[in-house]
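next come a sequence and a model predicted from it.
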Protein chains: 2
Amino acid sequence: MFATHTPVNAVDAAARPAFDDADREAVYRAIFTRRDVRSDFTDEPVDDPTLARILNAAHHAPSVGFMQPWNFIVIRDRAMREQVRDLFLKARGEEAAHIAGDRQALYRKLRLEGICESALNLCVTCDRERARDSPLGRWHNPEMDVFSTVCAVQNLWLSARTEGIGVGWVSILDTTALKSLLSIPNHVVPVAYLCVGRVPEFAPRPELETKGWRSRLSPSQLVMSERFGGEGEGQLKVAIDKLTR
Amino acid sequence: MFATHTPVNAVDAAARPAFDDADREAVYRAIFTRRDVRSDFTDEPVDDPTLARILNAAHHAPSVGFMQPWNFIVIRDRAMREQVRDLFLKARGEEAAHIAGDRQALYRKLRLEGICESALNLCVTCDRERARDSPLGRWHNPEMDVFSTVCAVQNLWLSARTEGIGVGWVSILDTTALKSLLSIPNHVVPVAYLCVGRVPEFAPRPELETKGWRSRLSPSQLVMSERFGGEGEGQLKVAIDKLTR
């Protein structure tokens, strides 16, 4: 069904020495400064070599049973994107009705998509039948293929950050309608619909934090010991608090 | 319910200049050389400052509606880990029966967990009720909170790679039994069960590739244009093929 290859860059990379402090700092910086971007895209296109690097990063995500269940639909057509935006607008109206009354005004002010303003859109899908013959690691947890696809999205997001490219994940969409619009067959799941484009800068904090939707939790309070709710790991929690204050 | 804070390191990082070639290369190297590790863990412990950095990286994943639905259960107790391994052994036996006959011998030879041999285990969970009041971005796709948790796992995995720490995701487990063992309440999902420990080196390629379970697909063949199955994006595909050969 698919041709295969050995990615030379992966082998080369493995032969390189361990990460030094500067390398490690670069990876943490990508993680800390990655943002969900839905506005302020520039008119500059995303050139093919850059998009290729980003998609290759996605393709090097972990996948259960090495099944690599993803596809990448590149959507540039204006008319198609306007139809996706119409799906978003309908879905946002439906979702707004379920937001607590005192937060609806804020909800409606939030910028939740950049479908037509970004350089291009990507739909990252999961083909659930790609490893039909030998579903290693999925008998008890069949959703692992979808989780693998999410790992690919996170790789894509981080690599895009290093390229100066903003990515926004639009989850306010009716999946059935999106599948119909993009001719996605039944056995394939559209896991992520992404707006992708160059941005002049990345905000210092998530927009939902600065606009008061929700605050950053303290990570040390999210640590548990041995079982859910288990107390302990005091030294680890101190180490986490030293990092973030 | 939770104290909140502004992580100073995130703000500092955003103020730094754009990624230069060396920074970008470090991020791609982490992505290309990350491995799913289930063996060859050293006896060296994972010190608290290192584990703190890895968990902080996970905590800076994107999350739908900024809900940060994750918790991190640190499992060190030997008796607990032996019980988890028993769950794995039972599940592997059940899964093996569903692997195609000609691949069962290979399946049984694969190393699929390092639960007791690694320095510690982490169970990354998703609290589905953390944003019960205002489920932004989840009305149409309620699984987005679980996807956010998977993004946290991928951040954790990449940052661990830069620290010389191997991570293996054990998905061959009965979730109901695992929840019972770790006292995980009904509204919380154990998204990932991870083996974590120092390793002397990372294999140049995924073990499932070198052992002949499945081959690396060619990423240019996974690209589609405008709709599922859509042909086109010829220049992008050429750019991808140039990267990997």
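Thanks, I have it.

now the strands: where do they sit in chain A?
Ranges of strands in chain A, per DSSP state E, are A:70-75, A:120-127, A:165-169, A:188-198, A:223-225.

and the ones you listed: which comes nearest residue A:109?
Closest approach to residue A:109 among the strands of chain A is made by strand A:165-169 (16.5 Å; Cβ to Cβ). Bear in mind the C-beta positions are built from the backbone N, C-alpha and C, glycine included.

show me what the closest one is packed against.
Counting contacts by 3 or more Cβ pairs under 8 Å, 6 or more residues apart in numbering or on different chains; DSSP states H and E, strand A:165-169 packs against helix A:144-162, strand A:188-198.

need the contact list for residue A:214.
Neighbouring residues of residue A:214 by Cβ atoms under 8 Å, 6 or more residues apart in numbering or on different chains: A:208, B:65-68, B:131.

the same query, at a cut-off of 7 Å, please.
A:208, B:65-67 (Cβ atoms under 7 Å, 6 or more residues apart in numbering or on different chains).

where does the prediction get shaky in chain A?
Scanning chain A with the threshold set as pLDDT under 70 gives A:1-17, A:244-245.

related to what we said a few turns ago, what about the helices and strands packed on strand A:165-169, which gets the closest to residue A:226?
Using Cβ to Cβ as the criterion, the shortest distance between residue A:226 and the helices and strands packed on strand A:165-169 is 24.4 Å, found for helix A:144-162.

residues of the closest one that come out buried?
The neighbour-count check on helix A:144-162 (16 or more other Cβ atoms under 10 Å in any protein chain shown) flags A:144-162 as buried.

what about chain B: which of those touch it?
Subset of those in contact with chain B: A:144, A:147, A:150-151, A:154-155, A:158-159, A:162, counting by Cβ under 7 Å from any Cβ of the partner chain.

looking at these, which is nearest residue B:91?
Lowest distance from residue B:91 to these (Cβ to Cβ) belongs to residue A:144, with 12.6 Å.

skipping its backbone neighbours, what lies nearest the closest one in space?
For residue A:144, ignoring the flanking residues on the chain, the nearest one in space by Cβ to Cβ, 6 or more residues apart in numbering or on different chains is residue A:64 at 4.0 Å.

neighbours around that neighbour, how many?
Residues near residue A:64, counting by other Cβ atoms under 10 Å in any protein chain shown, number 26.

kindly report the same for residue A:117.
By the measure other Cβ under 10 Å, the count of residues near residue A:117 is 17.

that one and chain B: what is the separation?
Using Cβ to the nearest Cβ, to the nearest Å, residue A:117 is found at 18 Å from chain B.

do the same with residue A:187
Taking Cβ to the nearest Cβ, one finds residue A:187 at 11 Å from chain B.

please, where are all the helices along chain A?
With DSSP state H as the criterion, chain A has helices at A:8-15, A:21-33, A:48-59, A:78-96, A:104-109, A:144-162, A:175-181, A:207-210, A:234-244.

give me whichever of these is most buried.
Among the helices of chain A, helix A:144-162 has the highest mean neighbour count (mean count of other Cβ atoms under 10 Å in any protein chain shown), at a mean of 26.

please save the CA atoms from that one in CSV.
Output in CSV follows, covering the C-alpha atoms of helix A:144-162 (Å, rounded to 0.1, in the frame of the first residue of the first chain):
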residue,chain,number,x,y,z
MET,A,144,-4.2,4.4,21.0
ASP,A,145,-4.0,5.1,17.2
VAL,A,146,-5.8,8.4,17.7
PHE,A,147,-3.5,9.2,20.6
SER,A,148,-0.5,8.5,18.3
THR,A,149,-2.0,11.0,15.8
VAL,A,150,-2.2,13.6,18.7
CYS,A,151,1.5,13.1,19.4
ALA,A,152,2.1,13.9,15.7
VAL,A,153,0.2,17.1,16.1
GLN,A,154,2.3,18.1,19.1
ASN,A,155,5.5,17.4,17.2
LEU,A,156,4.2,19.5,14.3
TRP,A,157,3.3,22.3,16.7
LEU,A,158,6.7,22.5,18.4
SER,A,159,8.6,22.3,15.2
ALA,A,160,6.4,25.1,13.7
ARG,A,161,7.3,27.2,16.7
THR,A,162,11.0,27.0,15.9
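
now find how far off-centre that helix is within its chain.
5 Å (Cα atoms, centre = their mean, to the nearest Å).

hmm, who's touching it?
Against helix A:144-162 from outside (Cβ under 7 Å, 6+ apart): A:30-31, A:33-34, A:53-54, A:57-64, A:67, A:69-70, A:124, A:126, A:128, A:137-138, A:167, A:189, A:191-192, A:196, B:19, B:23-24, B:27-28, B:31, B:147, B:150-151, B:154-155, B:171.

would you turn the helices and strands packed on strand A:165-169 into CSV with distance to residue B:82?
CSV is the format used below for these (distance: least, Cβ to Cβ, whole Å):
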stretch, distance to residue B:82
helix A:144-162, 24
strand A:188-198, 35
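
closest to residue A:230 out of these?
helix A:144-162 (24.9 Å).

next, the angle from the closest one to strand A:188-198.
0 degrees (axes from the mean of the first three to the mean of the last three Cα atoms, to 10 degrees).

could you give the angle of helix A:144-162 to helix A:21-33?
Going by the same axes, to 10 degrees, helix A:144-162 makes 110 degrees with helix A:21-33.

the inter-axis angle of helix A:144-162 versus strand B:165-169?
Going by the same axes, to 10 degrees, helix A:144-162 is angled at 140 degrees with respect to strand B:165-169.

what are the bridge partners for residue A:124, then?
Residue A:124 has the following beta-bridge partners by DSSP bridges: residue A:72, residue A:192.

which residues does it contact?
Residue A:124 sits next to A:70, A:72, A:149, A:152-153, A:191-192, A:194 when contact means Cβ under 7 Å, 6+ apart.

from those residues, pick the one nearest chain B.
Taking Cβ to the nearest Cβ as the measure, chain B lies nearest residue A:72 of these, at 5.2 Å.

now do the same end-to-end measure for stretch A:106-125.
Criterion Cα to Cα, to the nearest Å; first-to-last residue distance in stretch A:106-125 is 31 Å.

report the distance from that stretch to the chain centre.
13 Å.

tell me the buried residues in it?
For stretch A:106-125, a neighbour-count test (16+ other Cβ under 10 Å) marks A:107, A:112-115, A:117-125 as buried.

please apply the same query to stretch A:56-73.
Residues of stretch A:56-73 classed as buried: A:56-73 (neighbour count, 16+ other Cβ under 10 Å).

again with stretch A:193-204
Residues of stretch A:193-204 classed as buried by neighbour count (16+ other Cβ under 10 Å): A:193-199, A:202-204.

quick one on the thing from earlier: between the buried residues of stretch A:106-125, which sits nearest residue A:221?
Among the buried residues of stretch A:106-125, and counting by Cβ to Cβ, the member closest to residue A:221 is residue A:107, at 26.5 Å.

count the neighbours of the nearest residue to that closest one once chain neighbours are set aside for me.
Nearest residue to residue A:107, sequence neighbours excluded (Cβ to Cβ, 6+ apart): residue A:99, at 4.7 Å. Counted with other Cβ under 10 Å, the neighbours of residue A:99 add up to 19.

one more: residue A:130?
Counted with other Cβ under 10 Å, residue A:130 comes out at 22.

kindly report the same for the one 5 residues further on.
Residues contacting residue A:135 under the criterion other Cβ under 10 Å number 21.

what sits against it?
Counted by Cβ under 7 Å, 6+ apart, residue A:135 has contacts A:65, B:98.
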